[in-house]
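Student: no letters, just coordinates:
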């Protein structure tokens, strides 16, 4: 591993790799990105070509076509949760993207959260992960005070799994609770009923501020014709029960009756254009400056493997605006980099794990990717400073955890780690987390993992998320299993132990994959590393809509 000293070549933005090594790294990362794009293309087919054509034959647009028409021309819809349910529900035939399209897009210049049911996937039915994804969309809208638009086209709860979606706090009913809370907070909610809207799901659009319904394809009712017949013996068709005319002319449930999907989209755009002004947090932004080095060079900086060293300063130099880096406590606690910078003009504080072997003030070697007492203390103080100055925080994670061993314990690593966790947990400025490589154990928590409420948490294809590294975990689990079998009177041969170790490692490796995490919404999205700067800028623009987050205070901290 390389060594960092005061006169090292590893300074912010300086060339750090040979051409040959750069090319090998770039090729390896490009292969991961190609795989990611291939998987995304397949997921975006939803229920498949035949079901897409069936929607078109009914005069309906697909979920992604609706979203594309809704957002401003020439802008990007930043989809979140593309990989939700990836590899899950296979016995049920799968549920691509959780049967829902979700993300951030500009509508008449206003940044909005957009949620659209994908009727090509089980008729838009709600799986357990579908509810979790919709709750995340509402959480983002709530935290950032941005308008949320629902494009409703769903057959309701997926009944074979009703026990996993219906009664608990984070299940289906929480969505309607959030509708009410968002309304009380003054966060605009608009809904377009563009297909089925059944049973409990009927409350979502009607608890929004305004609801549109598409004539001929939109319908909303608490119980469909078959259930009505079974329950009270009444014969009634879908249109008479809950079609556009019924709810626009008789019940008054909906506010606008529109003839087709396109008109619904145009009406939504017009309603958003007429929203009044909202207060801003006022995060500092200057004219953006391009990074000192091309963002595409980021591929040649990071390794594919989780154990290889690299200089995180090289990553930072390709994300931040040129000439804006001000390192904080540069020569202290060097396994964490902290500093002020600008990203696309926005003022940010950066907290990043350094993956090189470094020397501390006493000249002792410290392993990169590990959080030591001095680096935890430095990071905690920096996080507190950013809160005092009202500067958003960006965490770049590649962490194997806190230092272990008797010397670390005697030095108070738990105390210093707790100080960092406390500062991150109580931080009120917007936090954005990018998982670059490893995200293991308590290091995930201290570096603002999902449990610590980052406004967005994103992963690169190189990410690995687990309680510890695969090799260590596999050996630990093997020891436990061998001891268990020994108590039962069974001794494993060396060959049997190797087979078991390989099986454990394979299972653990798959569970540490970024796709496994994204499928369960442990991260909001897996992104191209070259898009990191754009995502952070979008996130700060989003968070600037919520000024109501101060004051900042800490609880009890051991010093």
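Tutor: Perfect, I can see it now. Note that the structure is predicted; figures quoted are calculated from it, not measured.
Student: make it CA atoms for all contacts and neighbour counts henceforth
Tutor: Noted.
Student: next, the buried residues of the longest helix seen in the chain.
Tutor: Looking across the chain with DSSP state H, the single longest helix is helix 19-43. Using 16 or more other C-alpha atoms under 10 Å as the test for burial, helix 19-43 gives 22, 25-26, 28-30, 32-33, 36, 43.
Student: export those to CSV and tack on distance to residue 134?
Tutor: Formatted as CSV, those follow (distance: C-alpha to C-alpha, whole Å):
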residue, distance to residue 134
22, 41
25, 37
26, 36
28, 34
29, 31
30, 32
32, 28
33, 27
36, 23
43, 18
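Student: show the low-confidence segments of the protein, by residue range.
Tutor: Regions of the chain meeting the criterion pLDDT under 70 cover residues 1-18, 470.
Student: what's the spacing between residue 86 and residue 45?
Tutor: Residue 86 sits at a distance of 13 Å from residue 45 (criterion: C-alpha to C-alpha, to the nearest Å).
Student: then residue 497?
Tutor: Counting by C-alpha to C-alpha, the gap from residue 497 to residue 45 is 43 Å.
Student: what does residue 53 give?
Tutor: Note on residue 53: its distance to residue 45, by C-alpha to C-alpha, is 11 Å.
Student: also residue 274?
Tutor: 34 Å.
Student: okay, these two: which has more neighbours?
Tutor: Neighbours were tallied for residue 274 and for residue 45 using other C-alpha atoms under 10 Å; the higher tally belongs to residue 45 (18 against 9).
Student: sec struct for the residue lying closest to the more buried one once chain neighbours are set aside, please.
Tutor: Residue nearest to residue 45 in three dimensions, not counting chain neighbours: residue 52, with 7.9 Å by C-alpha to C-alpha, 6 or more residues apart in numbering. Classification of residue 52 using DSSP: H, G, I helix; E, B strand; the rest coil returns helix.
Student: residue 339 too?
Tutor: Following three-state DSSP, residue 339 is assigned to strand.
Student: ok, it - contacts?
Tutor: 325-328, 349-351 (C-alpha atoms under 8 Å, 6 or more residues apart in numbering).
Student: which residues does stretch 479-497 contact?
Tutor: Outside stretch 479-497, the residues touching it (C-alpha under 8 Å, 6+ apart) are residue 478.
Student: do the same with stretch 432-448
Tutor: Here stretch 432-448 has contacts from 306, 351, 371, 393-402, 417, 420-421, 424-425, 431, 449, 451-452, 454-460, 462-469, 532, 536, 539, using C-alpha under 8 Å, 6+ apart.
Student: of the residues you listed, grab the buried ones for ChimeraX.
Tutor: A single ChimeraX command is used to select the members of these judged buried by 16+ other C-alpha under 10 Å:
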select :306,351,371,393,394,395,396,397,398,399,400,401,402,417,420,421,424,425,431,449,452,454,455,456,457,458,459,460,462,463,464,465,466,468,469,532,536,539
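Student: now, which of the contacts of stretch 432-448 lie within strands?
Tutor: Among those, the members falling in strands (DSSP state E) are 351, 371, 393-399, 401-402, 431, 456-459, 464-466.
Student: the residue nearest to residue 45 contacts residue 64, doesn't it?
Tutor: No - contact status for residue 52 versus residue 64: not in contact, 10.7 Å apart, counting by C-alpha atoms under 8 Å.
Student: can you count the residues close to residue 171?
Tutor: 19.
Student: so residue 444 is in which element?
Tutor: Using DSSP states H and E, residue 444 falls within helix 441-446.
Student: correct me, but residue 293 touches residue 315?
Tutor: No - the criterion here is C-alpha under 8 Å, and residue 293 misses it with residue 315 at 9.8 Å.
Student: those two: which is more packed in?
Tutor: For residue 293 versus residue 315, the count of surrounding residues by other C-alpha under 10 Å is larger for residue 315: 24 against 19.
Student: contact partners for the more buried one?
Tutor: By C-alpha under 8 Å, 6+ apart, residue 315 lies in contact with 298, 301-302.
Student: and residue 218, by the same measure?
Tutor: Neighbour list for residue 218: 153, 193-197, 243-244 [criterion: C-alpha under 8 Å, 6+ apart].
Student: which of the residues you listed fall in strands?
Tutor: The strands, defined by DSSP E, take in 153, 193-197 from the contacts of residue 218.
Student: surely residue 545 forms part of a strand?
Tutor: No - under three-state DSSP, residue 545 falls outside any strand and is assigned coil.
Student: around the spatially closest residue to it that is not a sequence neighbour, how many other residues sit close by?
Tutor: In space, and not counting its chain neighbours, residue 545 is closest to residue 280: 4.8 Å by C-alpha to C-alpha, 6+ apart. Neighbourhood size, residue 280 [other C-alpha under 10 Å]: 15.
Student: wait, a helix at residue 280?
Tutor: No - assigned with three-state DSSP, residue 280 falls outside any helix and is coil.
Student: who's in contact with it?
Tutor: The contact partners of residue 280, by C-alpha under 8 Å, 6+ apart, come to 544-547.
Student: how close does it sit to residue 146?
Tutor: Applying C-alpha to C-alpha, the value for residue 280 to residue 146 is 11 Å.
Student: list residues touching both of the two?
Tutor: By C-alpha under 8 Å, 6+ apart, the residues touching both residue 280 and residue 146 are residue 545.
Student: for residue 285, which residues are in contact?
Tutor: With C-alpha under 8 Å, 6+ apart, residue 285 has these contacts: 345-347.
Student: nearest to residue 113, out of those: which one, please.
Tutor: Among these, residue 346 lies closest to residue 113 (C-alpha to C-alpha), at 21.2 Å.
Student: ok, that closest one touching residue 286?
Tutor: Yes - taking contacts as C-alpha under 8 Å, residue 346 lies within contact range of residue 286: 6.5 Å.
Student: settle it for me: which of the two has more neighbours?
Tutor: Ranked by neighbour count (other C-alpha under 10 Å), residue 346 and residue 286 place residue 346 first, with 21 against 11.
Student: name the nearest residue to the more buried one, ignoring sequence neighbours.
Tutor: Once flanking residues are discounted, residue 346 sits nearest to residue 285: 4.3 Å by C-alpha to C-alpha, 6+ apart.
Student: any idea how far the one you found lies from residue 78?
Tutor: 21 Å.
Student: mind listing what's buried in the helix holding residue 444?
Tutor: Within helix 441-446, the residues scored as buried using 16+ other C-alpha under 10 Å are 441-446.
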